[in-house]
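J.: Okay, structure incoming, though there's no sequence with it:
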């Protein structure tokens, strides 16, 4: 279960290094009633989206910073980040650092002059040594870098059961046509190729938007994709309609999807991957990001029972793009302590600690794949590292009324049978003036 921990000094849990535990113990022993030392402790406040187990892991990743510098990190996790942070900033009480779950909100604060550019205290050369140019640009506003990326999510993954593939002689497809040919073969054998689940409570529809974004990158390419995000082309542009219809060739094909359209719309996104397993699987392919690992059956061996391959290319001219999401740190208050923490976050140390704890992929260059605890996570990290093109989830970059509003609901309407052109025109008309 996830929970929101109230604001408190960084706790060094059992996940942290034992040396950090010793350091904290020593500090505690030196504090006595009436001692003013505690009030003089240097600290950095951090506001982020990680709560529960994920909060424990980020605290472990930050522990070496406190051990090395003596600076206390006060981390506050919340599940209402997008609504709470603007209130705090507008009231004059911003955190020193914030960990944004998408760069769109970070960019809004940067344009308002609320954030400190990284180049005020870090060299561009150091950033380029740490991050691929794609990640630097994703954390930049008008070519000024503001964000240090901490965690990546790879969305362009197709999950499968390697034991079923081996038993039936199925080969991993490397092109879209090969993937469709495999789907057709499965149908001819009386099997169902795909499990798709789009139900996600108030967020239902994002699974469909992910598919369309993937296809846009593979057909229209990254430049048109960027124009689409920025509304430099209309939402009902032929390139977008083409991507939606290619998605429809799979999701609206009753032979392709387990349970058909009704199941695709009603199955919770976290449940659909479970159809890959068992002696007689419900399906053989499932497209979803690396975070779906948390929804796998508990008896699954991550080194033997499940595997992934990158969603194949469609247009060879566009190469093999990878759609990502992630968490990025930016700085509100320009203090020496905040600067030090930002520099630490760009170093290898927190990424190496987090990689070893599992359930995490680093966007930073130079992280040893051997640090990841499973073959599955190592492969995901390798797919990310080998990406020819990286782009962030489009719906997270669009105005909220569209990206997490009409785009989501529009995909539900389309999968349910609405005409693509009508759906896209409705989304276009909803774009804020």
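T.: Cool, the structure landed. Keep in mind the model is a prediction, meaning the values are calculated, not measured. Numbering: from 1, shown residues only.

J.: Remind me which helix or strand residue 351 belongs to.
T.: Assigned by DSSP states H and E, residue 351 falls within helix 348-357.

J.: swap that for residue 98, please
T.: Using DSSP H and E, residue 98 maps to strand 97-100.

J.: ok, now residue 46?
T.: Secondary-structure element containing residue 46, defined by DSSP H and E: strand 43-48.

J.: Pass me the low-pLDDT residue ranges in the protein, would you?
T.: 1-39 (pLDDT under 70).

J.: all strands of the stretch 101-250 of the chain, in order?
T.: Counting by DSSP state E, counting those that start in this stretch, the segments of the stretch 101-250 of the chain that form strands are 140-141, 144-145, 148-154, 157-160.

J.: So which residues make contact with the second one?
T.: When contacts are taken as CB atoms under 8 Å, 6 or more residues apart in numbering, the neighbours of strand 144-145 outside the stretch itself are 110, 117-119, 124, 127, 136, 139. Heads up, the C-betas are built off the backbone N, CA and C, glycines and all.

J.: let's see 7 Å
T.: Contact with strand 144-145 is made by 117-119, 127, 136, 139, as judged by CB atoms under 7 Å, 6 or more residues apart in numbering.

J.: Check the first one too.
T.: Contacts to strand 140-141, defined as CB under 7 Å, 6+ apart, come from residues 107, 110-111, 146.

J.: try it again with 10 Å
T.: Outside of strand 140-141, the residues within contact range by CB atoms under 10 Å, 6 or more residues apart in numbering are 103, 106-111, 115, 117-118, 127, 133, 146-147, 330.

J.: just the strands in the stretch 301-433 of the chain please.
T.: Counting by DSSP E, counting those that start in this stretch, the stretch 301-433 of the chain forms strands over residues 307-310, 321-331, 389-392, given from the N-terminal end onward.

J.: Skipping adjacent residues, who's closest to residue 242 in space?
T.: Beyond its immediate neighbours in the sequence, the residue positioned closest to residue 242 (CB to CB, 6 or more residues apart in numbering) is residue 219, lying 6.1 Å away.

J.: now the strand holding residue 46, how far from the chain's geometric center?
T.: Centroid separation for strand 43-48 versus its chain: 21 Å, with CA atoms, centre = their mean, to the nearest Å.

J.: ok, now stretch 257-267?
T.: The answer for stretch 257-267 is 25 Å, by CA atoms, centre = their mean.

J.: One more: stretch 121-129?
T.: What separates the centre of stretch 121-129 from the centre of its chain is 24 Å, taken as CA atoms, centre = their mean.

J.: How about stretch 327-336?
T.: Relative to the chain's own centre, stretch 327-336 is displaced by 20 Å; criterion: CA atoms, centre = their mean.

J.: Figure out the length between the terminal residues of it.
T.: From its first residue to its last, stretch 327-336 covers 23 Å (CA to CA, to the nearest Å).

J.: which parts of that stretch are buried?
T.: Of the residues in stretch 327-336, 327-332, 335 count as buried by neighbour count, 16 or more other CB atoms under 10 Å.

J.: mind putting these in TSV, distance to residue 167 included?
T.: Rendered in TSV, the data for the buried residues of stretch 327-336 read as follows (distance: CB to CB, whole Å):
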residue	distance to residue 167
327	39
328	42
329	46
330	49
331	53
332	55
335	59
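
J.: Please convert the buried members of the contacts of strand 140-141 into ChimeraX selection syntax.
T.: To isolate the buried ones among the contacts of strand 140-141 in ChimeraX, judged by 16+ other CB under 10 Å, type:
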select :103,106,107,109,110,115,117,118,127,146,147,330
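
J.: wait, which of the contacts of strand 140-141 is closest to residue 196?
T.: Looking at those and their distance to residue 196, the nearest is residue 103, at 27.5 Å (CB to CB).

J.: Between strand 43-48 and the longest helix seen in the chain, find me the angle.
T.: For the chain, the helix that runs over the most residues, judged by DSSP state H, is helix 52-69. Helix 52-69 and strand 43-48 meet at an angle of 160 degrees, taking axes from the mean of the first three to the mean of the last three CA atoms, to 10 degrees as the criterion.

J.: Output the contacting helices and strands for helix 52-69.
T.: For helix 52-69, the helices and strands in contact under the criterion 3 or more CB pairs under 10 Å, 6 or more residues apart in numbering; DSSP states H and E are helix 18-30, strand 43-48, strand 72-77, strand 148-154, helix 336-345, helix 348-357.

J.: which one of those lies closest to residue 235?
T.: strand 148-154 (24.4 Å).

J.: could you give the angle of that closest one to helix 348-357?
T.: Going by the same axes, to 10 degrees, strand 148-154 is angled at 30 degrees with respect to helix 348-357.

J.: could you say what helices and strands strand 148-154 packs with?
T.: Contacts of strand 148-154 with other secondary structure elements, assessed using 3+ CB pairs under 10 Å, 6+ apart, are made with helix 52-69, strand 97-100, helix 124-130, helix 133-138, strand 321-331, helix 336-345, helix 348-357, helix 375-385.

J.: can you tell me which residues contact residue 417?
T.: Taking CB under 10 Å, 6+ apart as the contact definition, residue 417 lies against 248, 252, 261.

J.: Nearest to residue 173 among the residues you listed?
T.: Using CB to CB, the shortest approach to residue 173 within the contacts of residue 417 belongs to residue 248, at 19.5 Å.

J.: and the closest residue to residue 373 other than its chain neighbours, how many neighbours does it have?
T.: Spatial nearest neighbour of residue 373, excluding adjacent residues (CB to CB, 6+ apart): residue 358 at 4.7 Å. Burial measure for residue 358: 14 neighbouring residues, criterion other CB atoms under 10 Å.

J.: okay but residue 358 is in contact with residue 302, surely?
T.: Yes. When contacts are counted by CB atoms under 10 Å, residue 358 is listed as touching residue 302 (9.2 Å).

J.: Overlap of the contact sets of these two?
T.: In contact with both residue 358 and residue 302: 293, 373-374, 376-377, using CB under 10 Å, 6+ apart.

J.: Which ChimeraX command selects the buried ones in the residues you listed?
T.: Per 16+ other CB under 10 Å, the buried members of the shared contacts of residue 358 and residue 302 correspond to this ChimeraX selection:
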select :293,373,376,377
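
J.: Between all of the shared contacts of residue 358 and residue 302, which two are separated the most?
T.: Distances among those were taken as CB to CB; the most separated pair is 293 and 373, at 11.6 Å.

J.: Alright, I will stop here.
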